[in-house]
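>>> Take this sequence and fold it.
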Amino acid sequence: MTEAITNLLAHRDLALRDLPSRVNVFDHSLEFVNARRSTGFSPVAQKAIRYGMPQQLNPQLAAVLTSSAYGLPLSLRGLPALLREARRFSGRKAEIVAFNDEFRLRVYGF
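Reported below is the predicted structural model:
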C-alpha cells in the first residue's frame, strides 16, 4: 500500500487542481484515484506503465521521493512490483483504468 500511495502523490496531475486524489475503501478492495488528464494519455502509455516505463508528471517531486538524502523510508519498487504483489496477495489482477480525467488503481483483498 505504501507503493500505491507514493505513486498517488508522485504522479498527480497538478494542472487539475479541482479534482482531489482519493483512496476509496470497499469491503473487498482499495481504490486509488488520481487526477490525470485523459487527453494525451494514450492506451499505449497506459500499457507501458504496467511494465515500468516512467510517465513522470512531476520530476521535482519524483526526485525528492527517490533521493536518499531526504530520509524517506520508501520501498520504491514501481507499479510492476505493486501489481505482482497485489496478485500474489489476493489471487486477482489489480485493475488500472484511465478515463474522465482520472487514473484509477483498484487492488483486491481476500
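>>> Residue 15: what's it in contact with?
Contact partners of residue 15, counting by C-beta atoms under 8 Å, 6 or more residues apart in numbering, are residue 37. For every residue, glycine as well, the C-beta is placed using N, CA and C.
>>> Verify the assumption that residue 30 is located in a helix.
No: Residue 30: not assigned to a helix; according to DSSP: H, G, I helix; E, B strand; the rest coil it is strand.
>>> In this structure it contacts residue 8, no?
No: when contacts are counted by C-beta atoms under 8 Å, residue 30 is not listed as touching residue 8 (11.1 Å).
>>> can you count the residues close to residue 32?
Number of residues near residue 32 (other C-beta atoms under 10 Å) recorded here: 21.
>>> looking at the chain, which residue lies furthest from center?
Distance from the centre of the chain peaks at residue 69, with 23.3 Å (C-alpha atoms, centre = their mean).
>>> Just to be sure, that residue is in a strand?
No: secondary structure of residue 69 (three-state DSSP): helix, not part of a strand.
>>> Grab the nearest non-local neighbour of residue 30.
Excluding the flanking residues, the one nearest residue 30 by C-beta to C-beta, 6 or more residues apart in numbering is residue 107, at 5.1 Å.
>>> For the helix or strand where the one you found lies, which helices and strands make contact with it?
In this assignment (DSSP states H and E), residue 107 forms part of strand 102-108. Strand 102-108 sits against helix 2-10, strand 29-35, helix 79-90, strand 95-99, with contacts defined as 3 or more C-beta pairs under 8 Å, 6 or more residues apart in numbering; DSSP states H and E.
>>> which of these is buried the deepest?
Highest mean neighbour count of the helices and strands packed on strand 102-108: strand 29-35, a mean of 19 (counted as mean count of other C-beta atoms under 10 Å).
>>> With only the CA atoms kept, save that strand in CSV.
C-alpha atoms of strand 29-35 as CSV (Å, rounded to 0.1, in the frame of the first residue of the first chain):
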residue,chain,number,x,y,z
SER,A,29,-10.8,-3.8,-2.4
LEU,A,30,-9.0,-0.5,-2.2
GLU,A,31,-9.2,2.0,-5.0
PHE,A,32,-6.6,4.8,-5.5
VAL,A,33,-8.0,7.6,-7.7
ASN,A,34,-5.8,10.4,-9.0
ALA,A,35,-6.4,13.3,-11.3
